[in-house]
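Asker: just the structure for this:
(one chain, ligands or ions: 1)
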Amino acid sequence: MKRQLKCVECGSTYPLEEKRLRCDCGGLLDVQLDMDGAPSAAELATTFETRLSSLLPQDLSGVWRYRELVLEVCPEDLVTFPEGRTNLYELDPVPPGLTALWAKHEGENPTGSFKDRGMTAAVSWARHQGARALICASTGNTSASLAAYGARAHLPVFVLIPDGKIAQGKLAQALAYGAHTLQIEGSFDDAMHAVEEMATTHNLTVVNSLNPFRLEGQKTIILDSFFQLGQMLPDWIVVPGGNLGNTSAFGKALIEMKALGLIDRVPRLAVIQAEGASPFARAAQRDFRHFESMKPETIATAIRIGNPVNYTKAVRAIRFTDGVVTSVTDAEILQAKHDLDRQAIGCEPASAATLAGLRRLMREQIVHAGESALLIITGNLLKDPDTTIALATGQTAALGVSGSAALDACVNEPRRVPSTPEAIARIIEETLA
Ligand code: F0G
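Answerer: Numbering: from 1, shown residues only. From the prediction side, this is the model:
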């Protein structure tokens, strides 16, 4: 299928091979798929399903399996682990009122977050274009993912992260995989600004979600879910919102799936932000007439973002899906994280914003009785051990979470015991009594 770059603001088009991050007018670019001559929905579905039994790396990947709708790159340029093909779990019990609740665990990707889906697309395209070096700004997961894919591609990697505001697991990955790691005195938004400024002047390939090829990879979260659910999607898809890359990619996936006839009915997107980093939720309250950035603060460091670069595409996604945007407190996020963790879904705080947000939308009767929902669990529990241990040991107040008293029931502290079998047996029996 033919593709070109198209500006989402003014509609200008550019050849796919042109190296540019934005349109001349400053607008964001889309990889636009030419739907003329596209295979039928049935043909596409058969092709995608048939690849499930293939052992080729491009078929084993839960991204490249859908390559007709992602990007066509020759196999020598592919940088794939492979990624994707994450599990989709049914939550038990289903919250009263809902007909079903599923969780798509993107934390099961090779580097532990959904970023790998976009990164395989962006880094493969960068290799195809003969990139000199790769760069990103990150709250942690993008840098971990880029470090890994850059290492596999034998390309130098620079990552800019906000000083002291990145979860330990993510920093450990970037350092271990050999990324040149620059901790900047400032927030993610400052880092993002710096990356964009330098990219063109220093011939660096930016792989943040500003890069339209990354979003093509992230669309496959929706495609994968659709096929795992037996070619259907639920009433609601609930996703955390930070830089709004996923929101944008999901909107684009749904626009294309509808145009291709893979779906008739479009599910509604629910984007959930942390209250302290909720510029998109605030803009939604004003029906997107006015956007104001904010100084972000939240325990969910992955989504500690005050000026999301994908704003325009995310507004398109909300409009197309009749979506909603809301925000939740850090205490609500931690409560939801505890509840997901106890189902052994296990996630980092940003991912738990989905369940917290769904609960809020049910209380507000925006999500109705009789509907079904899918939570996108964006990152693995092991990414942020400090927050998980603070929650288990009742230390969340020390992390600045207000309303922490409500989290007392989440405590599950290790107990010190003598090493004698009698002492250990006594505790086991007391616990089981
Ligand atoms: N959840 C997790 C675990 C994330 O790492 C991110 C973003 C998001 C949700 C938000 O996704 O930006 O598409 O709205 N992390 C980026 C990073 C910003 O640098 O790792 P988004």
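
Asker: interface residues of the protein facing the ligand?
Answerer: Those residues of the chain that sit near the ligand, judged by Cβ under 6 Å from any ligand atom, are 113, 115, 138-142, 209, 240-247, 302-303, 348, 350-351, 378-379. For every residue, glycine as well, the C-beta is placed using N, CA and C.

Asker: kindly recompute the last result at 5 Å.
Answerer: Among all residues of the chain, those adjacent to the ligand (criterion: Cβ under 5 Å from any ligand atom) are 138-139, 141-142, 240-246, 302-303, 350, 378-379.

Asker: any of these buried? List them.
Answerer: Those of those that meet the buried threshold are 138-139, 141-142, 240-246, 302-303, 350, 378-379, by 16 or more other Cβ atoms under 10 Å.

Asker: can you flag which of the residues you listed belong to strands?
Answerer: Taking DSSP state E, the ones among those that sit in strands are residue 240.

Asker: of the buried ones among the residues of the chain next to the ligand, just say which sits nearest to residue 47.
Answerer: Closest approach to residue 47 among these (Cβ to Cβ): residue 246, at 24.9 Å.

Asker: wait, that closest one sits on residue 238?
Answerer: No - counting by Cβ atoms under 8 Å, residue 246 stays clear of residue 238, with 11.0 Å between them.

Asker: and for those two, which residues touch both?
Answerer: Residues touching both residue 246 and residue 238 comprise residue 376, with contact defined as Cβ atoms under 8 Å, 6 or more residues apart in numbering.

Asker: residues near residue 364, how many?
Answerer: 10 (other Cβ atoms under 10 Å).

Asker: ditto for residue 323
Answerer: What residue 323 shows, counting by other Cβ under 10 Å, is a neighbour count of 24.

Asker: run through the residues that contact residue 418.
Answerer: Neighbouring residues of residue 418 by Cβ under 8 Å, 6+ apart: residue 424.

Asker: likewise for residue 225?
Answerer: Listed by Cβ under 8 Å, 6+ apart, the contact partners of residue 225 are 88, 102, 104, 233, 237, 374.

Asker: out of those residues, which are buried?
Answerer: Neighbour-count burial (16+ other Cβ under 10 Å) is assigned, among these, to 102, 104, 233, 237, 374.

Asker: report the two of the residues you listed separated the most.
Answerer: Of all pairs drawn from those, the one with the largest separation by Cβ to Cβ is 104 and 233; the distance is 11.1 Å.

Asker: touching both of these two, which residues are there?
Answerer: Contact criterion Cβ under 8 Å, 6+ apart; residues shared by residue 104 and residue 233: 225, 374.

Asker: any chance of the contacts of residue 225 in a markdown table, with pLDDT and secondary structure too?
Answerer: As requested, the contacts of residue 225 are arranged in a markdown table below (pLDDT from 0 to 100; DSSP: H, G, I helix; E, B strand; the rest coil):
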| residue | pLDDT | secondary structure |
| --- | --- | --- |
| 88 | 98 | strand |
| 102 | 98 | strand |
| 104 | 98 | strand |
| 233 | 98 | coil |
| 237 | 99 | strand |
| 374 | 98 | strand |
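
Asker: from those residues, pick the one nearest residue 276.
Answerer: Nearest to residue 276, judged by Cβ to Cβ, of the contacts of residue 225 is residue 237 at 23.9 Å.

Asker: who does the closest one bridge with?
Answerer: With DSSP bridges as the criterion, the beta-bridge partners of residue 237 are residue 269, residue 374.

Asker: right, and residue 5 touches residue 19 too?
Answerer: No - at 10.2 Å, residue 5 and residue 19 do not qualify as touching, with contact defined as Cβ under 8 Å.

Asker: the two: which is more packed in?
Answerer: Just comparing residue 5 and residue 19: by other Cβ under 10 Å the higher neighbour count belongs to residue 5, 20 against 13.

Asker: packing partners for the helix or strand harbouring that one?
Answerer: Assigned by DSSP states H and E, residue 5 belongs to strand 3-7. For strand 3-7, the elements it packs on are strand 13-15, strand 29-33, judged by 3 or more Cβ pairs under 8 Å, 6 or more residues apart in numbering; DSSP states H and E.

Asker: what's the angle between that strand and strand 29-33?
Answerer: Computed by axes from the mean of the first three to the mean of the last three Cα atoms, to 10 degrees, the angle separating strand 3-7 from strand 29-33 equals 140 degrees.

Asker: list of residues touching strand 3-7?
Answerer: Around strand 3-7, the neighbours that count as contacts under Cβ under 8 Å, 6+ apart are 12-16, 18, 20, 23, 25, 27-34, 71, 212.

Asker: partner strands of that strand, with direction?
Answerer: Next to strand 3-7 in the sheet, as set by DSSP bridges, lie strand 13-15 (antiparallel), strand 29-33 (antiparallel).

Asker: list the buried residues in that strand.
Answerer: 4-7.

Asker: centre of the chain versus that strand, how much separation?
Answerer: 23 Å (Cα atoms, centre = their mean, to the nearest Å).
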